[in-house]
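Engineer: Give me a 3D structure for the following:
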Amino acid sequence: MRKYNNNIFMAFICFLLLWMLFGYNPQITSSANEHAYLENKLENYIVKHEENIAGLATIMVVDDKITYKMKGYANIEKEVPVNENTVFEWASVSKILIWISVLQLVEAGKLDLETNIEIYLPNDFHYPKKFEEPITMYDLMHHSAGFDDSYTDLMIHQSTKKTSLREVLESADIKQVFPPGDIVAYSNYGSGLAAYIVEEVSGIDYREYVRKNIFEPLHMTKTAIDPHQNDNKWVKEQRGKVQGYTNALQLIEPNNYSIPMFPAGSAMGIAKDLKKLLQVLLTEDGAPLFKDKRTITSLFNPTLYYPETNIPRIANGLFYLPSQSQHVFGHGGNSKAFSSSFYVDRKERIGVLVLTNMKDESTFTHGIPETIFGKYEHVESDLHLENSSQWKGIYEPARLPRHGFSKLYGLFLRSHTKQQGSDAIRLNDLYYSQLEPGIYKTDDDFSMYSVDVYSENPQNKKILSSTYSDLLYIPSYKHFLEWAIIILGLLAFMFSVIYVIVTLCKRIWSKKNLQIFHFTQHLLNILMFTNVLWIVFKTLSMVSYSFLKPFLTLNLIYVVIVLVISGFLIIKLKRNRLVNYNKRISVMTIMSAGILCINILYWEIYY
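Structural biologist: Sure, this is the predicted structure:
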């Protein structure tokens with residue numbers, strides 16, 4: 001009996017040794033444990049915030065293990081749940097396709113990232129170029145080519161008549177306002193220009209290039225990139241079944257817009273298709289997208305750092321996500337009614353994508369990556385902390401229209417930095433502690449926006465560098481002067497309204513004669529102001545710039561008429577042909593019209 005027991009014991013020991021040698025893999029066990037831990041965190045986070053969901057699809061990949069979560073509705077009103085065939089817009093996550101395409105051409109020896117892009121463009125191609133310094137592909141990838149922004153023709157409801165990417169780029173209302181490499185200002189135009197270079201170098205339409213070199217190799221059969229989904233009829237049909245919502249879960253109507261500069265944000269498809277792209281970016285060699293594993297490694301190597309720091313900012317068009325591991329890169333996106341995010345940690349082999357049918361959503365698109373990758377932990381430094389008072393002031397995003405009426409929007413995006421204690425700051429309502437000189441971190445916002453870096457710039461003085469854009473220092477006198485122009489314009493409009501109402505009442509009740517020049521000018525003031533409000537409303541409704549041209553031209557006509565009427569009133573004043581009351585009214589009429597003209601000319605509300 002004892003011999004039998006000894007034989008069993010020896011057999012067990014042999015089995016245990018064999019299992020440890022050939023079957024047991026601590027790395028796999030650790031990976032399985034990590035996946036279970038992160039899956040639990042993801043599930044708890046979604047449950048905690050599920051009352052904020054319209055529709056959600058999120059996928060997490062840990063090594064080769066996949067977690068797929070779907071919640072909510074593609075159409076709340078019709079109670080259509082999110083399922084595996086729900087189509088989501090990628091929005092700016094579409095730009096990842098541009099940068100992959102660029103590196104494919106670099107790998108093939110057809111493109112160089114440090115060469116002047118003009119050698120890749122047709123000689124008769126027109127694009128905004130003001131400075132002598134050459135623009136490189138790195139400048140486009142880093143959003144530092146110096147282009148300003150535009151809020152017209154970004155998304156439009158009606159079908160665009162432009163058939164080619166070249167037409168869209170050449171007609172874009174964009175200017176180069178900074179020297180290349182000087183300022184980071186997120187640019188849809190710069191990304192579209194990079195996609196056009198892909199067209200020129202490859203010799204085929206960008207949509208066709210992406211289909212042949214990305215979608216087909218990855219078997220992404222339920223994804224479209226054409227602005228009208230004409231490249232995938234199934235996707236076009238499914239998109240019609242999805243609605244978009246606000247963060248308050250209110251229906252956005254309409255919510256199906258086309259993006260003329262389509263490479264920058266037109267891709268859409270099912271979550272499982274986008275997962276295929278996520279998985280291949282986590283592989284060691286990047287096949288079948290790349291032939292050389294060094295290419296995919298270089299894709300995630302930082303190519304731009306925050307000023308005067310060793311903190312990564314961008315890796316070949318992919319943005320750095322401040323996280324616990326400190327090597328997470330990817331992209332986020334927002335369209336008229338959808339939000340998305342896509343992040344990869346190749347060293348830890350973890351990837352996360354989030355798709356929602358909600359506008360400007362952040363609880364999931366920012367909160368889920370933060371939950372999975374952990375919050376940023378700064379490496380402690382021996383440097384003494386600086387006096388934070390030097391960064392006090394008003395800052396404005398560099399990513400703004402710097403010409404045309406849209407530049408008025410910048411007034412509402414300015415941030416106020418105040419000193420908090422001796423070495424911390426408060427930016428608007430967020431508290432930032434100092435990690436080391438110039439580097440500040442907040443726990444009051446998502447990881448994506450947790451780190452801000454202040455620095456000095458030779459041309460622009462103080463600069464605040466955040467995730468997608470630098471913020472430029474605005475002198476206080478300029479800030480208050482611009483607001484004074486706006487406020488005086490509103491007062492001038494109110495004066496005109498009161499004058500017209502009082503004059504009409506006197507005309508009805510007392511039969512008094514109209515002062516024709518006064519009345520005409522104030523009526524024109526009201527009509528002009530109404531026209532400006534109409535322009536703003538239609539701009540927010542995503543009409544094309546060409547639609548706005550007639551209304552902008554009317555403002556220029558208004559300025560000419562003001563000069564004529566004001567000339568007549570000034571002549572009458574000089575000839576003393578007016579009684580004291582009419583003199584005062586004439587002066588106030590000329591002043592109100594002049595203030596409104598200053599607003600039109602200063603804010604360029606004309607064509």
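Engineer: Could you look up the SS state of residue 484?
Structural biologist: helix (DSSP: H, G, I helix; E, B strand; the rest coil).
Engineer: For residue 529, see how far away it is.
Structural biologist: For residue 484, the distance to residue 529 (C-beta to C-beta, to the nearest Å) stands at 18 Å. To be clear about C-beta, it is placed using only N, CA and C from the backbone, and glycine gets the same treatment.
Engineer: same check, this time on residue 401
Structural biologist: 21 Å.
Engineer: Likewise for residue 296?
Structural biologist: 56 Å.
Engineer: longest single strand anywhere in this structure?
Structural biologist: In the chain, with assignment by DSSP state E, the single longest strand is strand 65-75.
Engineer: Put the alpha carbons of it into PDB.
Structural biologist: Below are the C-alpha coordinates for strand 65-75, written out as PDB (Å, rounded to 0.1, in the frame of the first residue of the first chain):
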ATOM      1  CA  LYS A  65      -8.100  39.300 -24.800                       C
ATOM      2  CA  ILE A  66     -11.100  41.400 -25.800                       C
ATOM      3  CA  THR A  67     -13.900  43.000 -23.800                       C
ATOM      4  CA  TYR A  68     -16.800  44.500 -25.800                       C
ATOM      5  CA  LYS A  69     -19.500  46.600 -24.000                       C
ATOM      6  CA  MET A  70     -22.600  48.000 -25.600                       C
ATOM      7  CA  LYS A  71     -25.100  50.200 -23.800                       C
ATOM      8  CA  GLY A  72     -28.000  52.400 -24.600                       C
ATOM      9  CA  TYR A  73     -29.800  53.300 -27.800                       C
ATOM     10  CA  ALA A  74     -28.900  54.100 -31.300                       C
ATOM     11  CA  ASN A  75     -32.300  55.800 -31.500                       C
END
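Engineer: mind listing what that strand pairs with, with the direction of each?
Structural biologist: Partner strands and pairing direction for strand 65-75 (DSSP bridges) are strand 55-62 (antiparallel), strand 80-81 (antiparallel).
Engineer: Could you point out which of those sits nearest residue 494?
Structural biologist: strand 55-62 (44.4 Å; C-beta to C-beta).
Engineer: roughly how far is the closest one from the heart of the chain?
Structural biologist: With C-alpha atoms, centre = their mean, to the nearest Å as the basis, strand 55-62 stands 22 Å off its chain's centre.
Engineer: now it: mean pLDDT?
Structural biologist: Across strand 55-62, pLDDT averages out at 98.
Engineer: in it, what's buried?
Structural biologist: For strand 55-62, burial by neighbour count (16 or more other C-beta atoms under 10 Å) applies to 55-62.
Engineer: For those, work out which two are farthest apart.
Structural biologist: In the buried residues of strand 55-62, two members sit farther apart than any others by C-beta to C-beta. They are 55 and 62, at 24.2 Å.
Engineer: residues contacting residue 425?
Structural biologist: Residue 425 makes contacts with 388, 391-392, 417-419, 431-432, 434, 440, as judged by C-beta atoms under 8 Å, 6 or more residues apart in numbering.
Engineer: again with residue 259
Structural biologist: Neighbour list for residue 259: 154-155, 227, 265-266, 335 [criterion: C-beta under 8 Å, 6+ apart].
Engineer: What residues sit buried inside stretch 275-288?
Structural biologist: 275-283, 286.
Engineer: Can you add distance to residue 518 and give the strands paired with strand 65-75 back as CSV?
Structural biologist: Formatted as CSV, the strands paired with strand 65-75 follow (distance: least, C-beta to C-beta, whole Å):
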stretch, distance to residue 518
strand 55-62, 57
strand 80-81, 59
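Engineer: Of those, which is nearest residue 542?
Structural biologist: Of all the strands paired with strand 65-75, it is strand 55-62 that lies closest to residue 542, at 21.7 Å by C-beta to C-beta.
Engineer: got any ranges where the stretch 51-200 of the chain has weak pLDDT?
Structural biologist: Filtered on pLDDT under 70, the stretch 51-200 of the chain yields the residue ranges 157-162.
Engineer: Same question for the stretch 451-600 of the chain.
Structural biologist: In the stretch 451-600 of the chain, residues with pLDDT under 70: 511-513, 577-579.
Engineer: Now residue 378: closest residue in space, sequence neighbours ignored.
Structural biologist: Leaving aside its sequence neighbours, residue 378 sits nearest to residue 435 (C-beta to C-beta, 6 or more residues apart in numbering; 4.5 Å).
Engineer: ah, wrong one, I meant residue 321
Structural biologist: Nearest to residue 321 is residue 328, by C-beta to C-beta, 6+ apart, at 4.2 Å.
Engineer: That neighbour and residue 344: what is the separation?
Structural biologist: To residue 344, residue 328 is 7 Å away according to C-beta to C-beta.
Engineer: coming back round to it: can you tell me which of the contacts of residue 425 are buried?
Structural biologist: Buried members of the contacts of residue 425, counted by 16+ other C-beta under 10 Å: 388, 391, 417, 432, 434, 440.
Engineer: tell me which of those is nearest to residue 203?
Structural biologist: residue 440 (47.5 Å).
Engineer: helix or strand right after the helix or strand containing the closest one?
Structural biologist: Element membership for residue 440 (DSSP states H and E) is strand 439-441. Counting by DSSP H and E, the next helix or strand C-terminal to strand 439-441 is strand 451-457.
Engineer: packing partners for the next helix-or-strand element following that next one?
Structural biologist: With elements assigned by DSSP H and E, the helix or strand that comes after strand 451-457 is strand 461-465. Strand 461-465 is packed against strand 393-397, strand 451-457, strand 470-474, with contacts defined by 3 or more C-beta pairs under 8 Å, 6 or more residues apart in numbering; DSSP states H and E.
Engineer: Output those as TSV; include the columns mean neighbour count.
Structural biologist: Listed next are those as TSV, based on neighbours: other C-beta atoms under 10 Å:
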stretch	mean neighbour count
strand 393-397	19
strand 451-457	20
strand 470-474	22
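Engineer: on that earlier part again, sec struct for the residue nearest to residue 378, please.
Structural biologist: strand.
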